[in-house]
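**Q** Sequence first, then the predicted structure, then my questions.
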Amino acid sequence: MRWHHLPMLLILITAAVIAVGGTIRIYDAGESCPDWPLCFGKLGFDVSADEQAAWWAENPDEIDSRGENHRYTTFQIFTEWFHRLLAGSILGPLVILQFLIVRKKNPSLSIESKRLATLSLALVIWQGFIGFVTVKWDNEHWSVALHLFSALIFTLSLIALDISWRRDRGHNLKIETVNKTMNRLSIATVGSLVVLLVGTFVSTTEGANQACGVSGIPYSWPLCSGTLGLFIQDILIQSQAIHRWLVLIVLCILAWLWWTRFDWAPDERIRKLSNIATWTFISNMALGAAYVITWTSESGFIEWLSVIHLLLASLTFLIFSSSLILIHLHGINNNEEE
């Protein structure tokens with residue numbers, strides 16, 4: 001078997017885990033399995049309303065923010081259960097297998113690849129712990145944001161391992177860089193990450209999605225309740241206004257990077273990746289606007305747009321940060337003066 005394809009397989013599985021996690025959020029199913037690692041004390045997801053009531057009666061300390069009379073649908077429970085199945089029963093064991101293959105069966109691999117395999121194992125264990133914390137703290141804003149951030153860092157460790165493993169097999173890309181390259185890509189990477197994490201607070205704070213109104217263009221978008229959204233009194237409730245201003249700031253940064261791309265990115269491959277990430281960011285801006293302005297009193301928000309919004313935001317961050325990894329592993333600095 002061509003084991004060097006294993007990191008890419010794990011990247012795809014991780015993407016599925018993140019997508020299912022987003023689905024859990026939009027269907028308000030984040031607390032549909034109140035215990036961990038079981039679900040209402042069961043291995044499966046088929047938990048009837050009566051069984052939920054009996055479990056709450058036996059475990060009153062586990063009653064979540066919705067109260068003891070709330071009942072979750074089978075679909076809601078399934079999404080949380082399936083998320084755990086993907087992460088704990090498929091992804092986790094495969095990461096362990098990857099670690100054993102890299103550390104024990106491939107002495108020709110570089111020390112960097114072995115360290116990355118160890119890092120990915122440590123991160124998947126950490127991710128499982130943060131998942132437990134998220135359940136125990138009833139999906140608090142900070143725990144959800146930390147859970148997503150940890151998932152993205154874990155994904156980056158797999159991307160780095162994939163690139164390093166391919167380099168060990170002779171695929172040396174020889175990417176030309178200058179001193180500005182890493183610095184400016186780092187700015188774009190951090191900016192896209194901050195926008196993503198603040199967006200997580202928007203999606204997990206009750207009422208934040210409607211904090212700028214839902215009356216369409218221009219009252220609700222691009223304006224915020226008919227204003228510029230400059231006066232912030234409640235950071236959580238008004239996180240949508242903060243999110244929009246951060247998006248605008250990062251857009252200006254990306255426009256500046258695009259305008260000066262030949263100055264800081266001499267390698268065409270890095271320029272292409274930067275362009276893809278920039279257009280992904282811009283497309284996601286349009287998607288975020290569509291999510292707000294398509295709200296109706298009859299059906300509310302189109303929630304599947306929110307899942308795509310999350311995935312595109314994650315993709316933007318991962319493309320920029322993967323460019324940094326490529327330069328770290330394959331970069332050749334020509335030492336030009338700034």
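**A** Great, that's in hand.
**Q** Please count neighbours and contacts with C-alpha atoms only from this point.
**A** OK.
**Q** Please tell me the pLDDT value assigned to F40.
**A** F40 is assigned 89 on the pLDDT scale.
**Q** oh sorry, the question was meant for C212
**A** Looking at C212, its pLDDT stands at 85.
**Q** go on, N69?
**A** Looking at N69, its pLDDT reads 84.
**Q** tally of neighbours for the closest residue to it other than its chain neighbours?
**A** Among residues not flanking N69 along the chain, A53 sits closest, at 7.5 Å (Cα to Cα, 6 or more residues apart in numbering). The number of residues packed around A53, counting by other Cα atoms under 10 Å, is 16.
**Q** and M8, which of the three is it?
**A** What DSSP: H, G, I helix; E, B strand; the rest coil gives for M8 is helix.
**Q** Distance check, it against L287.
**A** Noted for M8: a distance of 28 Å to L287, by Cα to Cα, to the nearest Å.
**Q** Next: S32.
**A** 28 Å.
**Q** Looking at these two, which is more packed in?
**A** For the pair S32 and L287, the greater number of neighbours falls to S32 (26 against 17), based on other Cα under 10 Å.
**Q** show me the contacts for the residue nearest to the more buried one when sequence neighbours are not counted.
**A** In space, and not counting its chain neighbours, S32 is closest to I77: 5.1 Å by Cα to Cα, 6+ apart. With contacts defined as Cα atoms under 8 Å, 6 or more residues apart in numbering, I77 is in contact with A29, S32, C33, F45, D46, V47.
**Q** which one of those sits closest to S297?
**A** Checking the contacts of I77 against S297 with Cα to Cα, the nearest one is A29 at 22.3 Å.
**Q** That closest one: how many residues sit nearby?
**A** Neighbours of A29 (other Cα under 10 Å): 20.
**Q** pLDDT wise, what is it at?
**A** 83.
**Q** And E338, by the same measure?
**A** Model confidence at E338 (pLDDT) stands at 42.
**Q** hey, where'd the helices end up in the stretch 101-250 of the chain?
**A** 111-136, 141-168, 179-204, 239-259 (DSSP state H, counting those that start in this stretch).
**Q** Compute the first-to-last residue distance for stretch 96-115.
**A** End-to-end distance for stretch 96-115: 14 Å, by Cα to Cα.
**Q** Low-confidence stretches in the protein?
**A** Scanning the chain for pLDDT under 70 picks out the ranges 1, 105-106, 232-237, 335-338.
**Q** V95 reaches L119, doesn't it?
**A** No: using Cα atoms under 8 Å, V95 makes no contact with L119, being 10.3 Å away.
**Q** who's more crowded, these two?
**A** Set side by side, V95 and L119 show more neighbours around V95, with 23 against 17, by other Cα under 10 Å.
**Q** if we can go back for a sec, figure out which of the helices of the stretch 101-250 of the chain is closest to A87.
**A** helix 111-136 (7.9 Å).
**Q** got the buried residues for the closest one?
**A** Buried residues in helix 111-136, counted by 16 or more other Cα atoms under 10 Å: 113-121, 123-128, 130-136.
**Q** and this structure, what are its domains?
**A** As given by automatic domain parsing, the domain ranges for the chain are 1-172, 174-338.
**Q** Now for the residue nearest to N69: which residues touch it?
**A** By Cα under 8 Å, 6+ apart, the neighbours of A53 are E68, N69, R71.
**Q** In these, which residue is surrounded by the most others?
**A** Most surrounded of the contacts of A53: other Cα under 10 Å gives R71, at 17 neighbours.
**Q** What separation is there between N334 and V135?
**A** Remark: distance between N334 and V135 (Cα to Cα) = 49 Å.
**Q** do G300 as well
**A** For G300, the distance to V135 - Cα to Cα - is 27 Å.
**Q** same check, this time on I282
**A** For I282, the distance to V135 equals 33 Å [Cα to Cα].
**Q** what do you get for K180?
**A** Per Cα to Cα, K180 is found 42 Å from V135.
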